[in-house]
Structure formats: C-alpha cells, structure tokens
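S.K.: The amino acid sequence is not available; the structure is as follows:
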C-alpha cells in the first residue's frame, strides 16, 4: 500500500492551529474546538513525482504534519464516548505531509472575508510520503516531526504537543461531514513555519522513539510554477 492510499483518498481535511507555539508565531487566536479546512486531491505531490512549484508573486510557507488515513466510515460520533482507542482502531496507517500555503494569498482573503482555498490549493501544495503502517507508529503522540531547508532544520517537534488529540479531531469532523474510508486527515503543524523559495531543497521526516521511519521521508526540490498564474490582489 506504498502509494495506493493516495488514490483511495476521497477528501483531505486539515486541522489548523493545533500547536500552541505555531499559533503564537502567526499571531492567531487559540481555537476552543478543532478548526479545519479542505485541500483538493489535485494538490497532492507524490514521492519522486517532481518538484514543489511556487506560483509567481506568492509567499509560500511550509507546514510539516502527521497525516492519518482512515480505515472505516465515521459519522456523528459522540465526543463524550469516542475514545483514543476508538480513534486508533479507525486508522489504517499514517503518512508525513507538508501543507504548503501561499501566505499572502491567504492573508488577503482573510482580511477581505473571502474564502482562502486558493492559498492552500495550488498544484504540488501537498507533498505526501509513502504509507506508514500502524505498527511503525504504535502511539501517534510519540512521533517527532522534522523539516529542513537546504540542510537547516526549520521545524522539529513532538506530536504530543497537539492541542486537540486525534479522537477529538475525528469526532468533531464527523459531526459536520461523513468521514469515509481512505480520507486523509492532517493533524496540524508545530512551530517554525517559514518561506519556501525556488531553488530550495526541502527534506522532511519523522522519528519514533528516536528511530527514523523510512516510509516517512520526503526529499524535494523547489521550482517556479509554469503557466499563466501570477498573484494579484482581488
């Protein structure tokens, strides 16, 4: 199931503001319940499928995250009874993800009260690793995520720092929309987000109890996006 999980993804849901230090570095407000958005499947960049593409005029930030792949349908879960073990039983496996954001596009949309799907949805704005089997990550809160640009570490933190645990994320999401087998859930990014520029070399991965998980490694070049798009104020 190295990459077949990507083809089976019906939707991609991403938790925002799930690490306190990341909230502070962007001067955002801590949410009282899980807040999430969707990314299109066309934004997925499979391993070894080419470079990250930076659209002209955009300021693009990296956000490394642990992704969860579901193994069953979840609907209207009771947050008072859906437990951490229930959540683990609902997970088929994991992946490492980089949620890329055209920050200036997103910031303008937020300021004007407009949707900000564009800032999250460009082609290649969701690099995903190979499938990580559950047995490689028996406790998803004991992983350490890391991301480097040109060999310099930019993000490195433990998943235990999540504000909302996975069972809370899943129960909240399922009360709004049915979660289906194969859906990919991104669980938020730790501090250290910053710019990605054409010419950069991006690497990322995760360790479990100090051991690097081979399936979670990402190694990416960054180039200018071809085509007619150039950011202009709406």
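M.R.: Everything's here; your move. Given the structure is predicted, the values throughout are model-derived calculations rather than measurements.

S.K.: Contacts for the lowest-mean-pLDDT helix or strand in the chain, please.
M.R.: Within the chain, no helix or strand scores below helix 20-25, which has a mean of 80 by mean pLDDT, DSSP states H and E. Identification of contacts with helix 20-25 by Cβ atoms under 8 Å, 6 or more residues apart in numbering yields 17, 29-30, 63, 157, 161, 163, 188-193. The C-beta positions use only the backbone N, C-alpha and C, and glycine is treated the same way.

S.K.: Which SSE is immediately downstream of that helix?
M.R.: Moving toward the C-terminus from helix 20-25, the next helix or strand (DSSP states H and E) is strand 35-39.

S.K.: helices or strands next to that next one in the packing?
M.R.: strand 12-16, helix 117-121, helix 166-174 (3 or more Cβ pairs under 8 Å, 6 or more residues apart in numbering; DSSP states H and E).

S.K.: so which of these is the most packed in?
M.R.: Highest mean neighbour count among these (mean count of other Cβ atoms under 10 Å): strand 12-16, with a mean of 22.

S.K.: Let me know the angle separating that strand from strand 35-39.
M.R.: Using axes from the mean of the first three to the mean of the last three Cα atoms, to 10 degrees, the direction of strand 12-16 lies 140 degrees away from that of strand 35-39.

S.K.: Tell me the helices and strands packed up against strand 12-16.
M.R.: If you count contacts as 3+ Cβ pairs under 8 Å, 6+ apart, strand 12-16 packs onto strand 35-39, strand 184-186.

S.K.: Give me the distance from it to the chain's centre.
M.R.: With Cα atoms, centre = their mean, to the nearest Å as the basis, strand 12-16 stands 7 Å off its chain's centre.

S.K.: hmm, back to that, closest to residue 38 out of the helices and strands packed on strand 35-39?
M.R.: In terms of Cβ to Cβ, the element of the helices and strands packed on strand 35-39 nearest to residue 38 is strand 12-16, at 5.8 Å.

S.K.: Each with direction, which strands does that closest one pair with?
M.R.: Strand pairing for strand 12-16, using DSSP bridges, gives strand 35-39 (antiparallel), strand 184-186 (parallel).

S.K.: Could you export the ones you listed to CSV, including columns for mean neighbour count and distance to residue 25?
M.R.: Below are these laid out as CSV (neighbours: other Cβ atoms under 10 Å; distance: least, Cβ to Cβ, whole Å):
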stretch, mean neighbour count, distance to residue 25
strand 35-39, 18, 17
strand 184-186, 25, 18
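
S.K.: okay if I get these as JSON lines plus distance to residue 198?
M.R.: Shown next, in JSON lines, are the strands paired with strand 12-16 (distance: least, Cβ to Cβ, whole Å):
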{"stretch": "strand 35-39", "distance to residue 198": "21"}
{"stretch": "strand 184-186", "distance to residue 198": "24"}
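
S.K.: Give me the neighbour count for residue 201.
M.R.: Residues within reach of residue 201, counting by other Cβ atoms under 10 Å, total 13.

S.K.: Ignore what I typed, I meant residue 234.
M.R.: Residue 234 has 9 nearby residues by other Cβ under 10 Å.
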